[in-house]
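Trainee: Provided below for reference: sequence and predicted model.
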Protein chains: 2
Amino acid sequence: MSVTVVGSIAFDAVKTPFGERKKMLGGAAVHFALAASFFDDVRVVGPVGDDFGEAELDVLRRRGVDVSDVERVAGGETFFWAGEYGWDLNSRETLETRLGVFADFEPKLSAAARESEVLFLANIQPDLQRAVREQCTGAQFAALDSMNLWIDIARDSLVQTIATVDCLVLNDAELKQLTSKPNMVRAAREVLSWGPPGPRAIIAKQGEYGAALVTADGFFSLPAFPLEDVVDPTGAGDTFAGGFVGYIAAHRGDAADEQLLRRAMAYGTALASFNVEEFGTERVERLTGDEIAERVGELERVTHFSDAEPVALRD
Amino acid sequence: MSVTVVGSIAFDAVKTPFGERKKMLGGAAVHFALAASFFDDVRVVGPVGDDFGEAELDVLRRRGVDVSDVERVAGGETFFWAGEYGWDLNSRETLETRLGVFADFEPKLSAAARESEVLFLANIQPDLQRAVREQCTGAQFAALDSMNLWIDIARDSLVQTIATVDCLVLNDAELKQLTSKPNMVRAAREVLSWGPPGPRAIIAKQGEYGAALVTADGFFSLPAFPLEDVVDPTGAGDTFAGGFVGYIAAHRGDAADEQLLRRAMAYGTALASFNVEEFGTERVERLTGDEIAERVGELERVTHFSDAEPVALRD
């Protein structure tokens, strides 16, 4: 079975206090696909220009990702993003965005992509996301990411699109913005009420602090994996989503299980922690399953406490 | 045995999107003492002015807090802080600070206070904190909070003072600022190297995201308790510290135990979550031990995951 991701394939120029890359492989669909490839078959849908070569496709192919739905637009330029991060990586400035072939992107899905059991709609215009969702009639689990731009200029469409997926993955500040609710838990509960059928799981990404999961039944919060050296946060959210959705794809029968969603978040968190250790896809390209498993185990240890012998409290 | 806290006793004026109080009981030592009072005997050291009445002292007395070291300065005005919070409570603006009796505060400790086994130095000028630490020869566990102001204008003194305590509790951004290290884990490890003897535990407060604990042996991260209604975050950090230090005071023999520090953080987190539900001390004043215990149990549930059946990962 397989996971299909629709989204940006890009060249990024990134400057952080720890170094710089003038032009490297990036894009939400790329980061997602590399992470998800540790769990299941992955298929990438997205446009590239003439400047996108076999070397870049090979990064995906080496991880077993199916690139037959990558659309090469003759005479076009691949989506390009340039950004610079502040001293502790918590702020970033976009220096340049060239949409290139992404400006006129209309997703064309092969039969195989339409039949994928699991679908991830990376951050693109919400009308396009919805069009893809409607084509993917085989998808038993669909998740979606978005951004403040679409909340600003296409909120109605975004709301309509969110109602068609099982899971929304969004930065916590954007979740508040989307719902005009200043409280993350309330914001997530509001989105859970959208439908029918509407999403069953909301993930609030919290950057260096980790992520929270809100479902009808419960709440779960997981910190980011503690790292002493973070070099480039670009793609962390999409890598998280790839690990999360990939894990669910590998356990599709149980996608409504709260414990499964929690474990999926742990795998997403572990994957994201590797992504940020080096620029772009550099670290994840040479990652191994054993390294991921080790970090998930460590994450379990650094979050565990037990109040087995409660203290006597003084009223 | 007992916990002594030295710090501000204040009147606060607070405006949030959810309401306003023109003049209410506040101050770091007050929030700390109310929280710690659920665990052990607590003694407050700090100055108040003529405007501070029996009604305010009674709030502390009702929780069994010993106020005999509260120093009433004749003709003086109690420390006053006024602030306003932004829409999602993540930003705040100080509208007014009147130091009043705090301007010339020189802590005078009774014999009982000097002999306390546990000491909390709330955020005051670091020379004063060190002077108190040196007087408290009986303290087996001392913790300290500070703020960016002292990093800016008295860093050398603050560094010297931190080396005399067992535990530093600081906002994560201030921890980075203190050490000029952009990474929280590295910043904490840097402080762990200060001494001798130097602190054995660093707690990075992360506001709505929770808190992290860094020791020589390990790392622990705990999210804030998930709340749908946060009304006033003022005093959350000091309430957390009161729960944390109070729990350690009630288990003094084991203060080097990583698992004990983790449980202490859970109690601190639970206490803080009540504090922010209403203005000032309003919620904690009528809090019960059962409510705290219930929330600690819930915190255990919302942070727990187990990767008991690891997935097969594809290399």
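Mentor: Great, that's in hand.

Trainee: mind checking how far A:S157 is from A:Q129?
Mentor: With the distance defined as CB to CB, to the nearest Å, A:S157 ends up 9 Å from A:Q129. No exception for glycine: its C-beta is placed from N, CA and C like everyone else's.

Trainee: Of those two, which one has the most company?
Mentor: More neighbours surround A:Q129 than the other of A:S157 and A:Q129, with 29 against 16 (other CB atoms under 10 Å in any protein chain shown).

Trainee: What is the burial count for the closest residue to A:G198 other than its chain neighbours?
Mentor: Among residues not flanking A:G198 along the chain, A:A163 sits closest, at 5.1 Å (CB to CB, 6 or more residues apart in numbering or on different chains). By the criterion of other CB under 10 Å, A:A163 has 18 neighbours.

Trainee: now do A:T288
Mentor: Applying other CB under 10 Å, we find 11 other residues in the vicinity of A:T288.

Trainee: quick one: contacts for it?
Mentor: B:D315 (CB atoms under 8 Å, 6 or more residues apart in numbering or on different chains).

Trainee: Would you mind measuring from it to A:F274?
Mentor: Noted for A:T288: a distance of 10 Å to A:F274, by CB to CB.

Trainee: next one: A:L260
Mentor: 22 Å.

Trainee: These two: which is more packed in?
Mentor: Ranked by neighbour count (other CB under 10 Å), A:L260 and A:F274 place A:F274 first, with 22 against 17.

Trainee: Would you verify that the more buried one is located in a helix?
Mentor: Yes. With DSSP: H, G, I helix; E, B strand; the rest coil as the criterion, A:F274 is located in a helix.

Trainee: Now the closest residue to chain B within the stretch 1-150 of chain A. Nearest residue, chain neighbours left out?
Mentor: Closest contact between the stretch 1-150 of chain A and chain B, by CB to the nearest CB, is at A:D88 (3.7 Å). Excluding the flanking residues, the one nearest A:D88 by CB to CB, 6+ apart is B:P182, at 3.7 Å.

Trainee: now A:T215, which residues is it bridged with?
Mentor: For A:T215, the beta-bridge partners under DSSP bridges are A:A201.

Trainee: Counting neighbours, what do you get for it?
Mentor: 19.

Trainee: Surely A:Q177 touches A:L149?
Mentor: No. Applying CB atoms under 8 Å, one finds A:Q177 not in contact with A:L149, separated by 10.9 Å.

Trainee: any shared contact partners between those two?
Mentor: Common neighbours of A:Q177 and A:L149 (CB under 8 Å, 6+ apart) do not exist.

Trainee: So for the two, which residue has more residues nearby?
Mentor: Between A:Q177 and A:L149, counting by other CB under 10 Å, A:Q177 is the more crowded of the two (18 against 11).

Trainee: State the distance from that one to chain B.
Mentor: Separation of A:Q177 from chain B (CB to the nearest CB, to the nearest Å): 10 Å.

Trainee: just checking, what packs against the host helix or strand of that residue?
Mentor: Using DSSP states H and E, A:Q177 maps to helix A:172-179. Identification of packing neighbours for helix A:172-179 by 3 or more CB pairs under 8 Å, 6 or more residues apart in numbering or on different chains; DSSP states H and E yields helix A:148-153, helix A:155-162, helix A:184-192, strand A:201-205.

Trainee: hmm, try it at 10 Å
Mentor: helix A:148-153, helix A:155-162, strand A:167-171, helix A:184-192, strand A:201-205, strand A:211-215 (3 or more CB pairs under 10 Å, 6 or more residues apart in numbering or on different chains; DSSP states H and E).

Trainee: I'd like the ones you listed as CSV, with distance to A:L25 and mean pLDDT appended.
Mentor: What follows is the helices and strands packed on helix A:172-179, written out as CSV (distance: least, CB to CB, whole Å; pLDDT from 0 to 100):
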stretch, distance to A:L25, mean pLDDT
helix A:148-153, 23, 97
helix A:155-162, 27, 98
strand A:167-171, 22, 98
helix A:184-192, 32, 97
strand A:201-205, 22, 98
strand A:211-215, 25, 98
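
Trainee: and B:T16, which of these is closest to it?
Mentor: Comparing these against B:T16 with CB to CB, the closest turns out to be helix A:184-192 (15.3 Å).

Trainee: hmm, that closest one touching chain B?
Mentor: Yes. Helix A:184-192 reaches chain B (CB under 10 Å from any CB of the partner chain) through A:M184, A:V185, A:R186, A:A187, A:A188, A:R189.

Trainee: Specify the angle between that helix and strand A:167-171 in degrees.
Mentor: Interaxial angle of helix A:184-192 relative to strand A:167-171 (axes from the mean of the first three to the mean of the last three CA atoms, to 10 degrees): 140 degrees.

Trainee: elements contacting helix A:184-192?
Mentor: So helix A:184-192, by 3+ CB pairs under 10 Å, 6+ apart, packs with strand A:167-171, helix A:172-179, strand A:201-205, strand A:211-215, strand A:219-222.

Trainee: For the first one, list the C-alpha coordinates in CSV.
Mentor: It refers to strand A:167-171. The C-alpha trace of strand A:167-171 is given here as CSV (Å, rounded to 0.1, in the frame of the first residue of the first chain):
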residue,chain,number,x,y,z
CYS,A,167,-6.1,15.1,10.5
LEU,A,168,-5.0,18.8,10.5
VAL,A,169,-1.3,19.5,11.2
LEU,A,170,-0.7,23.2,11.8
ASN,A,171,1.6,25.5,13.8
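
Trainee: Backbone dihedrals for A:R98, please?
Mentor: Dihedral pair for A:R98: phi -120, psi 110, per degrees, to the nearest 10.

Trainee: Mind listing the residues bridging to the spatially closest residue to it that is not a sequence neighbour?
Mentor: Excluding the flanking residues, the one nearest A:R98 by CB to CB, 6+ apart is A:F80, at 4.3 Å. According to DSSP bridges, the partner residues bridging A:F80 are A:F11, A:R98.

Trainee: OK, contacts around A:F80?
Mentor: Neighbouring residues of A:F80 by CB atoms under 10 Å, 6 or more residues apart in numbering or on different chains: A:10-13, A:23, A:26-27, A:49, A:51, A:96-100, A:102.

Trainee: Just the helices from chain A, written as ranges.
Mentor: Under the criterion DSSP state H, chain A contains helices at A:28-36, A:54-62, A:111-114, A:126-135, A:148-153, A:155-162, A:172-179, A:184-192, A:236-249, A:258-275, A:282-285, A:289-303.

Trainee: Quick one: distance of the fourth one to the chain centre.
Mentor: Distance, stretch centre to chain centre, for helix A:126-135: 17 Å (CA atoms, centre = their mean, to the nearest Å).

Trainee: got the angle for it vs helix A:155-162?
Mentor: On the basis of the same axes, to 10 degrees, helix A:126-135 is oriented at 20 degrees to helix A:155-162.
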